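*Asks:* I need the structure of the sequence given here:
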Amino acid sequence: TTEIYTLSLHDALPISDATLAGGATSANPVAAVAILDASGTLTSITNSGTISAVAGYQATSGGTVSVLDKNTQVAIAIQLSGSASSASAAGTTIRNYSTAARAATIQGDINYGTGINQVLDLVGNGPTLFSTVSGNVTFGMIPSGSTSGDKLHIGNYSILQGIVTTQETVKGAGVQVDVDTHGTLNLLNATTALNATQVTVNTGGTLNLGVSRSLTTSGVVAASAVKFANDATLGVTYQSYVPQATNQFVLITADSGQLGINPTVINQFNTAINSGGFSTKPFLLKTATMCSTQLDPTCRPASLPQTQDALVINVATKSAAELGLTAGSIATVPTTTANGTATTLFQQANLALGIDNDLGAAFVNGIATTAQAAKAYNNMAPNVTGGTRAIAVSITDSATGPVAARQRSLRMYGKTDGDMTVWGQEFVQ
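*Replies:* As a prediction, this is how the structure comes out:
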């Protein structure tokens with residue numbers, strides 16, 4: 001069934017102790033919308049229950065909904081349609097507030113219309129009653145001649161995980177971002193940086209940034225100013241394999257002199273260990289070290305304008321020997337490419353991982369031991385005997401290649417909880 005809530009007469013929508021769910025429609029079986037404001041007059045939504053939009057493939061009624069092979073499903077929790085001449089131009093505020101009895105949850109994307117003072121406010125109610133948004137958030141354009149006023153507030157005991165962007169591309173006209181104590185913002189931007197006026201991470205707050213080969217120079221966040229409390233947490237997730245030709249990634253940019261990240265915060269990331277006393281960096285990586293150009297000018301990327309400072313992470317992958325892949329591993333067997341160049345499966349596999357974000361992220365996040373690395377790379381070997389075959393062709397053959405078959409399976413679960421770990425474990429088992 002489909003429940004699409006179209007709002008045209010109300011100026012506020014309260015949702016308390018209830019669930020609004022959007023399902024797929026017969027006209028478009030891979031699209032779902034929970035709340036649709038077609039009028040552009042909605043100014044406030046306060047959710048203390050659940051707003052959910054889920055779309056994809058469901059094998060049986062009531063079963064798990066899986067994403068499609070090409071990730072073409074659309075699940076929109078809230079779609080606003082403000083325009084420069086509507087009330088939404090004066091601001092639409094979405095409040096996701098947990099109560100003493102119930103957590104507040106929004107599952108699905110949130111799309112603001114054109115307007116100013118667009119606000120997304122998350123506030124939890126303790127460690128068991130989080131305010132959670134799982135989906136992408138897009139802030140709209142600003143009417144001509146206006147100033148932004150757009151805000152993203154991750155309050156106490158709140159989590160937002162997704163891609164956050166604004167359609168406003170003018171520098172300094174983006175979103176103000178605030179992360180409070182026990183608040184976590186997991187930014188998954190992989191192709192477009194978040195244009196922000198100011199990013200503030202307060203005491204006990206956490207900002208996790210995605211490392212992607214697609215954002216090597218522009219960063220995940222492009223802000224006018226950044227302020228981190230000394231005991232705030234800064235982390236990264238890996239959304240792609242690290243290309244061998246590019247070892248430096250820009251995470252955050254800010255105006256020159258406005259990158260307020262204390263060395264303590266950076267050092268905490270660089271020296272972090274887990275409960276077993278081991279480094280928290282992925283097993284496949286030899287180094288993963290952050291630095292601030294404001295604190296250390298020697299780490300400034302050549303492409304960074306002098307009017308900006310940046311938080312940079314320098315990443316290097318391990319060689320086959322450093323991973324412990326021995327001469328008995330298929331990955332290290334010498335071979336040649338179709339044009340006669342000497343190579344190994346390990347080298348060719350890494351080239352393939354460097355152009356496929358899904359599979360590359362599965363390797364980086366899912367492999368934790370030498371045995372898993374050996375099995376994963378060996379699984380990429382073409383299933384042939386005798387003769388020489390171009391490995392680069394074999395492992396990407398969409399019809400018979402083992403990696404192509406593996407990719408189809410992995411992508412079915414691309415947005416489920418624990419996605420990266422699940423992919424990697426499935427591959428190495």
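*Asks:* distance from stretch 163-170 to the middle of the chain?
*Replies:* Averaging C-alpha positions (C-alpha atoms, centre = their mean, to the nearest Å) puts stretch 163-170 15 Å from its chain's average.
*Asks:* tell me which residues of that stretch come out buried.
*Replies:* 163-166, 168 (16 or more other C-beta atoms under 10 Å). (Glycine included, C-beta is placed from N, CA and C.)
*Asks:* same thing with stretch 112-129?
*Replies:* 112-125.
*Asks:* separation between residue 341 and residue 381?
*Replies:* Residue 341 is 18 Å from residue 381, where distance means C-beta to C-beta, to the nearest Å.
*Asks:* re the thing from before, among the buried residues of stretch 112-129, which two are most distant?
*Replies:* Pairwise distances across the buried residues of stretch 112-129 (C-beta to C-beta) peak at 33.0 Å, for the pair 114 and 125.
*Asks:* what about stretch 199-215, average pLDDT?
*Replies:* Stretch 199-215 comes out with an average pLDDT of 92.
*Asks:* quick one: end-to-end length of that stretch, please.
*Replies:* 19 Å (C-alpha to C-alpha, to the nearest Å).
*Asks:* in a helix, residue 141, correct?
*Replies:* No - under the criterion used here (DSSP: H, G, I helix; E, B strand; the rest coil), residue 141 is coil, not part of a helix.
*Asks:* helix or strand: which one has residue 47?
*Replies:* Assigned by DSSP states H and E, residue 47 belongs to strand 44-53.
*Asks:* ok, the following helix or strand past that strand: who's next to it in the sheet?
*Replies:* From strand 44-53 onward toward the C-terminus, using DSSP H and E, the following helix or strand is strand 57-58. Taking DSSP bridges as the criterion, strand 57-58 sits next to strand 65-66 (antiparallel) in its sheet.
*Asks:* now do the following helix or strand past the strand it pairs with: which elements does it pack against?
*Replies:* Using DSSP H and E, the helix or strand that follows strand 65-66 in sequence is strand 74-80. Helices and strands touching strand 74-80, by 3 or more C-beta pairs under 8 Å, 6 or more residues apart in numbering; DSSP states H and E, are strand 12-22, strand 31-37, strand 44-53, strand 104-107, strand 109-111.
*Asks:* now with 6 Å, please.
*Replies:* strand 31-37, strand 44-53, strand 109-111 (3 or more C-beta pairs under 6 Å, 6 or more residues apart in numbering; DSSP states H and E).
*Asks:* give the other helices and strands that the second one contacts.
*Replies:* Right, the one you point to is strand 44-53. Using 3+ C-beta pairs under 6 Å, 6+ apart: strand 44-53 touches strand 12-22, strand 31-37, strand 74-80, strand 93-97, strand 104-107.
*Asks:* also the first one?
*Replies:* Secondary-structure packing of strand 31-37 (3+ C-beta pairs under 6 Å, 6+ apart): strand 12-22, strand 44-53, strand 74-80.
*Asks:* please repeat the previous calculation with a cut-off of 8 Å.
*Replies:* strand 5-6, strand 12-22, strand 44-53, strand 74-80.
*Asks:* just the residues contacting the last one, thanks.
*Replies:* With C-beta atoms under 8 Å, 6 or more residues apart in numbering as the contact definition, strand 74-80 has outside contacts at 22, 28, 30-37, 40, 42, 45, 51-56, 88, 92, 94, 106-113, 135, 140.
*Asks:* find the centremost residue of the chain, please.
*Replies:* Centroid-nearest residue in the chain, with C-alpha atoms, centre = their mean: residue 188, separated by 1.5 Å.
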